[in-house]
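**Q** One predicted model, sequence on top.
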Amino acid sequence: MIINGSHLNSTSPDPSDTVLNRPPWVTTTLGCFLIFTIVVDILGNLLVIFSVYRNKKLRNADKGIPIHAEEENKRCQQEIVTN
């Protein structure tokens, strides 16, 4: 309620003005979506942990880096030295 424009001098907003007027189904849908996303993320991470635990080939992260990248790095360094 505005009386004599006193709301212009106020530093804190009126709590009733800051409430979003959303239908209840929107809040419920967003909440369910966030909960579903969190549950799926946790299950996905658990599957990755279980896969690494079961498969020894997945435990070594160094095999993910291609060998030719090191050779390419050495070739670039040699070109810099020769130029």
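**A** The structure has been received and is ready for your questions.

**Q** only C-alpha atoms for contact and neighbour calcs from this point on.
**A** OK.

**Q** residue ranges for the helices of this protein, please.
**A** 15-18, 24-54, 67-82 (DSSP state H).

**Q** weakest of those by average pLDDT?
**A** Of all the helices of the chain, mean pLDDT reaches its minimum on helix 15-18 (a mean of 59).

**Q** and R59, how many neighbours does it have?
**A** As a burial measure, R59 scores 12 neighbours (other Cα atoms under 10 Å).

**Q** just to revisit the earlier point, deepest in the core, which of the helices of the chain is it.
**A** Among the helices of the chain, helix 24-54 has the highest mean neighbour count (mean count of other Cα atoms under 10 Å), at a mean of 12.

**Q** re earlier: so which of the helices of the chain comes closest to N60?
**A** When the helices of the chain are compared by Cα to Cα, helix 24-54 sits nearest N60, at 9.4 Å.

**Q** what's that closest one packed up against?
**A** Judged by 3 or more Cα pairs under 8 Å, 6 or more residues apart in numbering; DSSP states H and E, helix 24-54 has no packing partners among the helices and strands.

**Q** The chain should start at 344 in everything you say after this.
**A** Noted, 344 is the first residue going forward, which turns the last one into helix 367-397.

**Q** measure L377 to T370 for me?
**A** According to Cα to Cα, to the nearest Å, L377 and T370 sit 11 Å apart.
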